[in-house]
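Trainee: quick one, fold the following:
(chains A, B, C and D)
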There are 2 protein chains.
Amino acid sequence: MAGKKVKKPTMVDVAAKAGVTIGTVSHVINKTAPISDETTERVLKAIKALDYKPNSIARALRTKKSYVIGFLLPDVTNDFYSPVLSSFIDSAHQDGYTVLVVSYQYSSKREEIEMERLADKNVDGILLFNGCGDVALLRRMQAEGIPIVIADRRVDELELPTVEFDNVETCSKVIGMMCKKGYKRIGFLSESTRLRNLNDRYEGYKKGLVENGLQVNPELVYISEDMEMNNLEKGYAYIKRILENTERENLPDAIFATTDLLAIGAVRAFKEAGFRIPEEIGVVGFDNIAFTDFIEPKLTTVEQDKVLMGRIAWDIMKATLAGEEGEVKHVILPQKIIIRESC
Amino acid sequence: MAGKKVKKPTMVDVAAKAGVTIGTVSHVINKTAPISDETTERVLKAIKALDYKPNSIARALRTKKSYVIGFLLPDVTNDFYSPVLSSFIDSAHQDGYTVLVVSYQYSSKREEIEMERLADKNVDGILLFNGCGDVALLRRMQAEGIPIVIADRRVDELELPTVEFDNVETCSKVIGMMCKKGYKRIGFLSESTRLRNLNDRYEGYKKGLVENGLQVNPELVYISEDMEMNNLEKGYAYIKRILENTERENLPDAIFATTDLLAIGAVRAFKEAGFRIPEEIGVVGFDNIAFTDFIEPKLTTVEQDKVLMGRIAWDIMKATLAGEEGEVKHVILPQKIIIRESC
DNA sequence: GTGAAAGCGCTAACAC
DNA sequence: GTGTTAGCGCTTTCAC
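Mentor: As a prediction, this is how the structure comes out:
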C-alpha cells in the first residue's frame, strides 16, 4: 500500500512547463524580485496545473529556518499544561509555525536529552515548560544561538525570557482574604513543594501569614510526598488522618490547598467528620476546574488563564525569533481569586 | 540576544580535522561501509572535538525521510485524546521519531487544511485522530504516497489502517449487564451523537436492548445538543428537567451515560430528587475518570486503555512506514466494564 | 525582468 | 577501505 510514491513535481517541472528558469519561479513564489505580470501568470498557471507545492525541507536547508518550534513539557496529559500547549500551538500556527511536542515526564534527565534532541532536529526555537533545567545546558544552547523561552518557571541565573503566573503574590492575597474572614489557624495542603510553582505557593502562604500578623505554624503545613495516590484521594486521606490524630483545639480552622483536587478531597473528609464548611472550616483550592462549581459547598479557588499563558509564550517566542534586541522579557501573569461558598 | 549564531560544524569540518573526505565521515556515522578501525577512531575523535551533530534537515532532504510524524487531533486539552497523544509520542520517540501536533478543534474544514499543511511539511506519516475526514482528500493523500493511520474512527470507504475501541460491542454488553440486574427502562444520556464514537455507543445501546428482548423507547433517549455547558452541568440540568416534567411511572429505572461527567451530573440530580442509587435508579458512566471512584455512590463505568491505543496507533504507523505489504490493519480494542456501586 | 549558477549539508553510487 | 562526485529542491547573488 505504501511505496506508490508518485514523484512530486519540483520547481524544475514548473519552470519547464512555464518556459522560464527555476530562479524566476522562486521569485514569483516568494515575491522576491519584480516579475512581469505576464510571466507571473504563466508560472502561477504551471504551478496550479502541476499541483506544485514547495518542498519545505529543501527550503529549510537553504534558508536555515524550519518554521518548527519545539515544545518541551512535563506531561501532555496534565490539565494545567495541556491548555497552555494547546493555546501555544494555535498561536504559533497563525504565524505559520508548527509545533513539535515532546514530554519529559518530570524527569530532569529526560528533559536534558530531549532539549538536545530538539536542537538536533533543527527547530527554530524551544519552549521549555517548567523544567528543572540544567542551567549549564541552557547556557550552552543559548550560546549556540537557539532561541529558548521558559514558561512557568524562573531561571534567575540566566538571561532567558520567561512567562509565569504570580503564584507568590496570589497566594499571599488568598491568605489575606482568609484572614479577613476571620480564620486564624490556616493550614497549607500540598503535594511535594519541590515543584517550583508549588513551592512558590508555599512562599506566598507564608508571606500572607506574616503580612497579616500570623505566625507560620509547622503543625499546620501538610505536605504529602506520596506519589501513588491521585490528588483526590490524597487530600481525603491526608485530612482524614489529621482528623483522627489531632486534638480538636489543634486543628486548623481553614485549609488552603494548592490544587482543587486536593481541596475537594479535603472537603469530603471534613464533611464526613461532621464539620460545617465554611463555618467551622474554610477551604480554598487552586485552579478552578469544572468540579469546583459542582461540589457542595461550591469551592472557593484561584483561576489561572492558561490560554493567555500559551499566547504570551508564543508572543515572546516570536519576538525572540525576530531577534528583537533590548530587554529580555519577563512576563508575570496575574491569577484571579474566585470566591464561592467554601471560604 | 539572538543572532549570535555560531556557525555549526559540518561534515566538511570533521573531514578536514580527521584528514579524510566527507564520504568517509558519512560512512562511519551511518555504518554504511566498512571503515578501518583506525580511521573510524580518528573520525570519531574529530566529531567529538568539534561537537559535530549531523544536520537533520540536510539528511532529510537527501533521504526523503524526516523522522517526523504529524498527529492531527480534535483538541489537545481533551481527557480522552491527550493520553492517546501522549502515549503515541512516547512510543514514536523510542523509535527515533518526533511528533508534530496539530489540533483542528472539531472543525472539519480545519481538519482538511491541516492535513494538507502537514503533508506540505514533509512529515513521514500522518495520524488522524477521529476526524470527520473528507474521504476524497484522504484518498488523494494516500495516492500521493503519504502513509495515513486513522484512530478512533472507521473509514469504510477507504483502505486505510485504523485503531478504535469496540464501542458498539461494549455498550451492548453494558446494557446486557444492566438488564441482568433487573433494570427494564434503561435510558441513554449523551451529547450529540454526531461524533462517531458517541454514535457507536448509541448503536450499542440499541443493540443491547434488542438482544435482551427490550424495545428501544425514544422517550428514554436523552441527547443534548447543547454545546454551552460542560458535561457535568449538562447531565445535571438534563436529568433535573426530566424529573420535573415526567410522571414517575414514565421515568427510566436506569441511565447509561456516554460520559462519566454526564453520569455524575445525573447522579447528583437523582440524589437531590431523593432517589436511591442503585436501588431506585441505576447509573452507568463511561471512561473511568478519577472522580468515579470518589463520588457517592461510586460510579459503575467503562474503562478504555488510552495508553494502549496510542501504542497500537504507533505500531501500525511504524508498520505502514516500513511499507509492510499485505492486509491493511484494523485493530479493535476492547473496553472494560468496571462495576462499582451505582449499578 | 529574467537567466545562470553557486551552494545549503548531506547520502550513495561508483571509482580506485 | 577510502576518495570523488552527483545530486536532493530550493534561494539568492550576479549578470545581462
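Trainee: near chain B, which residues of the stretch 101-250 of chain A show up?
Mentor: Contact residues, the stretch 101-250 of chain A versus chain B (Cβ under 8 Å from any Cβ of the partner chain): A:101-103, A:117-122, A:142-145, A:147, A:159, A:230, A:232-233, A:236. Just so you know, the C-beta spots here come from the backbone N, C-alpha and C atoms, and that holds for glycine as well.
Trainee: rerun at 6 Å
Mentor: Residues of the stretch 101-250 of chain A lying close to chain B (Cβ under 6 Å from any Cβ of the partner chain) are A:101, A:120, A:121, A:122, A:145, A:147, A:230, A:232.
Trainee: measure the first one to residue B:134 for me?
Mentor: Going back to what we said before, that points to residue A:101. For residue A:101, the distance to residue B:134 equals 25 Å [Cβ to Cβ, to the nearest Å].
Trainee: narrow the residues of the stretch 101-250 of chain A next to chain B to those in helices?
Mentor: Among these, DSSP state H puts A:120, A:232 in helices.
Trainee: spatially, which two of the residues of the stretch 101-250 of chain A next to chain B are the most separated?
Mentor: Within these, A:145 and A:232 form the most distant pair, 45.3 Å apart (Cβ to Cβ).
Trainee: pretty sure residue A:38 is in a helix, no?
Mentor: Yes. The assignment for residue A:38 (DSSP: H, G, I helix; E, B strand; the rest coil) places it in a helix.
Trainee: look up how far residue A:59 lies from residue A:28.
Mentor: 15 Å.
Trainee: who has more neighbours, those two?
Mentor: Just comparing residue A:28 and residue A:59: by other Cβ atoms under 10 Å in any protein chain shown the higher neighbour count belongs to residue A:28, 22 against 19.
Trainee: if I pick that one, what's in contact with it?
Mentor: Contact analysis of residue A:28 by Cβ atoms under 6 Å, 6 or more residues apart in numbering or on different chains lists A:35, A:40, A:43.
Trainee: again, but for residue A:158
Mentor: Residues counted as contacts of residue A:158 (Cβ under 6 Å, 6+ apart) are residue A:138.
Trainee: point me to the helix or strand that includes it.
Mentor: Using DSSP states H and E, residue A:158 falls within no helix or strand.
Trainee: where does it fall, phi/psi-wise?
Mentor: Taking degrees, to the nearest 10, you get phi -120, psi 150 for the backbone angles of residue A:158.
Trainee: what's the neighbour count on residue A:71?
Mentor: Using other Cβ under 10 Å, residue A:71 has 30 other residues around it.
Trainee: worst-scoring helix or strand of chain A, pLDDT-wise?
Mentor: The weakest-scoring helix or strand in chain A, judged by mean pLDDT, DSSP states H and E, is helix A:135-144 (a mean of 88).
Trainee: in that helix, which residues are buried?
Mentor: Neighbour-count burial for helix A:135-144 flags A:138, A:139, A:141, A:142 (criterion: 16 or more other Cβ atoms under 10 Å in any protein chain shown).
Trainee: now do the helix or strand following it: distance to the chain's middle.
Mentor: Next helix or strand after helix A:135-144 toward the C-terminus (DSSP H and E): strand A:148-151. Centroid separation for strand A:148-151 versus its chain: 10 Å, with Cα atoms, centre = their mean, to the nearest Å.
Trainee: alpha carbons only: can I get strand A:148-151 in PDB?
Mentor: Taking Å, rounded to 0.1, in the frame of the first residue of the first chain, the C-alpha atoms of strand A:148-151 are listed here in PDB:
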ATOM      1  CA  ILE A 148      14.800  29.400  24.200                       C
ATOM      2  CA  VAL A 149      11.700  30.700  26.100                       C
ATOM      3  CA  ILE A 150      10.800  29.400  29.500                       C
ATOM      4  CA  ALA A 151       7.300  29.100  30.800                       C
END
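Trainee: identify the residue spatially nearest to residue A:331, adjacent ones excluded.
Mentor: Using Cβ to Cβ, 6 or more residues apart in numbering or on different chains and skipping the chain neighbours, the partner closest in space to residue A:331 is residue A:163 (4.5 Å).
Trainee: quick check: bridge partners of the one you found?
Mentor: residue A:151, residue A:331 (DSSP bridges).
Trainee: pLDDT wise, what is it at?
Mentor: Predicted confidence (pLDDT) for residue A:163: 96.
Trainee: and residue A:127, by the same measure?
Mentor: 97.
Trainee: does it touch residue A:149 like I think?
Mentor: Yes. Judged on Cβ atoms under 6 Å, residue A:127 makes contact with residue A:149 at a distance of 5.1 Å.
Trainee: what's the spacing between the closest residue to DNA strand D within the stretch 101-250 of chain A and residue A:146?
Mentor: DNA strand D sits closest to residue A:122 of the stretch 101-250 of chain A, with a gap of 13.5 Å, by Cβ to the nearest atom of the strand. According to Cβ to Cβ, residue A:122 stands 9 Å off from residue A:146.
Trainee: same thing with residue A:311?
Mentor: 22 Å.
Trainee: please apply the same query to residue A:222.
Mentor: Residue A:222 is 42 Å from residue A:146, where distance means Cβ to Cβ.
Trainee: tell me, how many residues neighbour residue A:157?
Mentor: When counting by other Cβ under 10 Å, one arrives at 11 neighbours for residue A:157.
Trainee: ok, and the closest non-adjacent residue to it?
Mentor: residue A:135 (5.2 Å).
Trainee: report the spatially nearest residue to residue A:329, omitting neighbours in sequence.
Mentor: residue A:161 (4.4 Å).
Trainee: show me what contacts that neighbour?
Mentor: Counting by Cβ under 6 Å, 6+ apart, residue A:161 touches A:149, A:316, A:320, A:328, A:329.
Trainee: among those residues, which ones are buried?
Mentor: Buried residues within those, counting neighbours by 16+ other Cβ under 10 Å: A:149, A:316, A:320, A:329.
Trainee: can you redo the residues you listed as a markdown table with secondary structure and distance to residue B:186?
Mentor: Shown next, in a markdown table, are these (DSSP: H, G, I helix; E, B strand; the rest coil; distance: Cβ to Cβ, whole Å):
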| residue | secondary structure | distance to residue B:186 |
| --- | --- | --- |
| A:149 | strand | 52 |
| A:316 | helix | 53 |
| A:320 | helix | 57 |
| A:329 | coil | 57 |
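Trainee: from these, which is closest to DNA strand D?
Mentor: Closest to DNA strand D, out of all of these and judged by Cβ to the nearest atom of the strand, is residue A:320, at 20.0 Å.
Trainee: roughly how far does the residue nearest to the closest one when sequence neighbours are not counted sit from DNA strand C?
Mentor: Excluding its sequence neighbours, the residue lying closest to residue A:320 (Cβ to Cβ, 6+ apart) is residue A:147, at 4.3 Å. Separation of residue A:147 from DNA strand C (Cβ to the nearest atom of the strand, to the nearest Å): 18 Å.
Trainee: report how many residues lie close to residue A:147.
Mentor: 25.
Trainee: please, a PyMOL command that selects the buried ones among the residues of the stretch 101-250 of chain A next to chain B?
Mentor: Here is the PyMOL command that picks out the buried ones among these, judged by 16+ other Cβ under 10 Å:
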select buried, chain A and resi 101+121+122+147+232
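Trainee: how many residues are close by residue A:65?
Mentor: Residue A:65: 13 neighbours (other Cβ under 10 Å).
Trainee: quickly note the distance from residue A:31 to residue A:127.
Mentor: Taken as Cβ to Cβ, the span from residue A:31 to residue A:127 is 30 Å.
Trainee: okay, those two: which has more neighbours?
Mentor: residue A:127 (28 against 9).
Trainee: who does that one bridge with?
Mentor: In beta-bridge terms (that is, DSSP bridges), residue A:127 pairs with residue A:71, residue A:149.
Trainee: tell me, which of the buried ones among the contacts of residue A:161 make contact with DNA strand C?
Mentor: Filtering the buried ones among the contacts of residue A:161 for proximity to DNA strand C by Cβ under 7 Å from any atom of the strand leaves nothing.
Trainee: nearest spatial neighbour of residue A:306, skipping sequence neighbours?
Mentor: Leaving aside its chain neighbours, residue A:306 sits nearest to residue A:83 (3.9 Å; criterion: Cβ to Cβ, 6+ apart).
Trainee: for the one you found, identify the helix or strand it belongs to.
Mentor: helix A:81-94.
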